[in-house]
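Peer 1: below: sequence and its predicted model.
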Amino acid sequence: MTDELRGLLRESAEAHQPDRARMLARVERGTARPGTARRSRDRERTRALSWPRIVLATLATAGTLTASALMVVDVDAVHDPDPPRSPSAVGRAVPPTAAGSRTEDGPLWADGSVDPHSNAYWAQSNVTLKAGEPLTALVVELRIALTEGVKDTGNWRTRPAADFDLSARQEGGFLVYRWTLKPGRTVPPGEHVFAGQYDHATGGRDAKDDTYRIDATAGAAERGASVWGGFA
């Protein structure tokens, strides 16, 4: 600022005389209308806010809104919907392959084999069960892969036929034999055999895809036991 400009400002300030009447009038108006005066002061204060401060305040507000929006998006992205619940485990699991055999469980033991009397046109698959305790519930399932020419020709078991409900039908690429112990019947401790008989295409038949599974309830404690496996 130049000396000449400083001088002019000083002369202007010294020449200024306050208008007492105008000041009193403003005070009276402010006393009569306090709300109006307050609003006027607020407007004056707003106008007095410098441009940089307005810009900073605006940016701060925008930043807060942006941060809030990002937070909401981030929470939604992290909180994935719950995965679909798997179906209730009702009934037995799909019988495993021979490689996943479990031939013993508590008082229950089993083995699968192709009967030695099988021939080039016909075969019999045996499921041998050994029970260490009385069985009050029992399901024996034999699954024969539907290789060429496989067709049901009969079945048998060492236990009385009247003690079991039997079904023999094709399911999902297998000929399935299923023996279910009737309510109120019991299988005593010991060795028992369940067998399925079937025709097949001429020649030796590979039983590598055939499986069995046994589910039982054993003893007074009604302990559940399951065994499964394949055929040699």
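Peer 2: Nice, thanks for sending it over. Numbers count the residues shown, from 1 in each chain.
Peer 1: okay, residue 129: pLDDT?
Peer 2: Turning to residue 129, the model gives it a pLDDT of 98.
Peer 1: run a quick neighbour tally on it.
Peer 2: A count of neighbours around residue 129, defined by other Cβ atoms under 10 Å, yields 24. Heads up, the C-betas are built off the backbone N, CA and C, glycines and all.
Peer 1: surely residue 193 touches residue 158?
Peer 2: Yes - counting by Cβ atoms under 8 Å, residue 193 touches residue 158, with 4.8 Å between them.
Peer 1: of the two, which one has the most company?
Peer 2: residue 193 (16 against 12).
Peer 1: quick one: secondary structure of that one?
Peer 2: Following DSSP: H, G, I helix; E, B strand; the rest coil, we place residue 193 in the strand state.
Peer 1: that one and residue 119, how far apart?
Peer 2: Residue 193 sits 20 Å away from residue 119, taking Cβ to Cβ, to the nearest Å as the criterion.
Peer 1: contacts only, for the closest residue to residue 131 other than its chain neighbours.
Peer 2: Leaving aside its sequence neighbours, residue 131 sits nearest to residue 189 (Cβ to Cβ, 6 or more residues apart in numbering; 5.1 Å). Residue 189 is in contact with 107, 131-134, counting by Cβ atoms under 8 Å, 6 or more residues apart in numbering.
Peer 1: how is residue 162 assigned, secondary-structure-wise?
Peer 2: Secondary structure, three-state DSSP: residue 162 is helix.
Peer 1: just give me the neighbour total for it.
Peer 2: Neighbourhood size, residue 162 [other Cβ under 10 Å]: 7.
Peer 1: thinking residue 203 is in contact with residue 122, fair?
Peer 2: No - applying Cβ under 8 Å as the test, residue 203 and residue 122 come out as separate, 11.9 Å apart.
Peer 1: more neighbours, those two?
Peer 2: Neighbours per residue, other Cβ under 10 Å: of residue 203 and residue 122, the larger number sits with residue 122, 15 against 10.
Peer 1: what pLDDT does the model give the residue lying closest to the more buried one once chain neighbours are set aside?
Peer 2: Once flanking residues are discounted, residue 122 sits nearest to residue 199: 5.4 Å by Cβ to Cβ, 6+ apart. Listed pLDDT for residue 199 reads 98.
Peer 1: also the one 10 residues further on?
Peer 2: According to the model's per-residue confidence, residue 209 sits at a pLDDT of 96.
Peer 1: over to residue 23?
Peer 2: Residue 23 is assigned 53 on the pLDDT scale.
Peer 1: in stretch 167-185, what's buried?
Peer 2: Of the residues in stretch 167-185, 168, 174-181 count as buried by neighbour count, 16 or more other Cβ atoms under 10 Å.
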